[in-house]
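Participant: no FASTA, just this:
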């Protein structure tokens, strides 16, 4: 029974991510709110699940020559360094605080996303 | 033969080039930090960074963003897993469900209206965010 619930949770999270917006950003609240998964466990799952999903998408994009590689290291190297850093901080934080911070993060993303779409629509 | 978009400098002075590369590194640090701390969201930050700092056209930015977030996610996953965040009981169903949903979602994306989808998505994020805060 539980297995099905988690399957469904992943399914809905995956659909939303597959529709291209925000990737797994809604998978995590689906897991934490409905399935009572601890925040850092949900985040861990989302990170892992992204790998096969993106490999497939990446393969397609690469074939269509839609990927820019030169100069990318300037972005990637600091990104990787800080990703490791923040991951350690996250797993070391109390789950309740991480969860609230994540909530704030979602609100911010939503506000910026809406503002961005609104500005884009106006520009047209 | 192909001019790199990120390092396209014909119109720029050396000072501007250096400034842009610095901003790129800063943007990268920010993207990495956020993606590692929240286990998500890197893509939503990477696209604007690639569009505005690296000056990539939108389609290129979306595709390139994935190639940025992928190593970040791998690296962060390792840290999370090594610190015990992986629950092996729920991992298989979530993984399978997400893969199936993801493929379906990508297929749906082609058929459904983008703007309506985006609005629903942002409202859902906002609501979920509030729920998590309080």
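Facilitator: Cool, the structure landed. Predicted model only: the values in this text are computed from it and were never measured.

Participant: make it CA atoms for all contacts and neighbour counts henceforth
Facilitator: Fine.

Participant: got the domain boundaries for chain B?
Facilitator: B:1-86, B:87-134 (automatic domain parsing).

Participant: Quick one: list the elements packing against the longest helix along chain A.
Facilitator: Across chain A, the longest stretch assigned as helix under DSSP state H is helix A:95-123. The contact analysis (3 or more C-alpha pairs under 8 Å, 6 or more residues apart in numbering or on different chains; DSSP states H and E) places helix A:95-123 against helix A:39-63, helix B:114-133.

Participant: is any part of the helix or strand containing residue B:36 close to chain A?
Facilitator: Assigned by DSSP states H and E, residue B:36 falls within helix B:14-38. Yes - counting by C-alpha under 8 Å from any C-alpha of the partner chain, chain A is contacted by helix B:14-38 at B:21, B:24-38.

Participant: Give me the local confidence score for residue B:3.
Facilitator: Per-residue confidence at residue B:3 stands at 45 (pLDDT).

Participant: Apologies, that question was intended for residue A:21.
Facilitator: pLDDT, read off for residue A:21, is 63.

Participant: Touching, residue A:11 and residue B:104? I think so.
Facilitator: No - in this structure, residue A:11 is not within contact of residue B:104 by C-alpha atoms under 8 Å, at 9.1 Å.

Participant: Which of those two has more residues huddled nearby?
Facilitator: Regarding residue A:11 and residue B:104, a neighbour count based on other C-alpha atoms under 10 Å in any protein chain shown identifies residue A:11 as having more, with 26 against 18.

Participant: So the more buried one: helix, strand or coil?
Facilitator: helix (DSSP: H, G, I helix; E, B strand; the rest coil).
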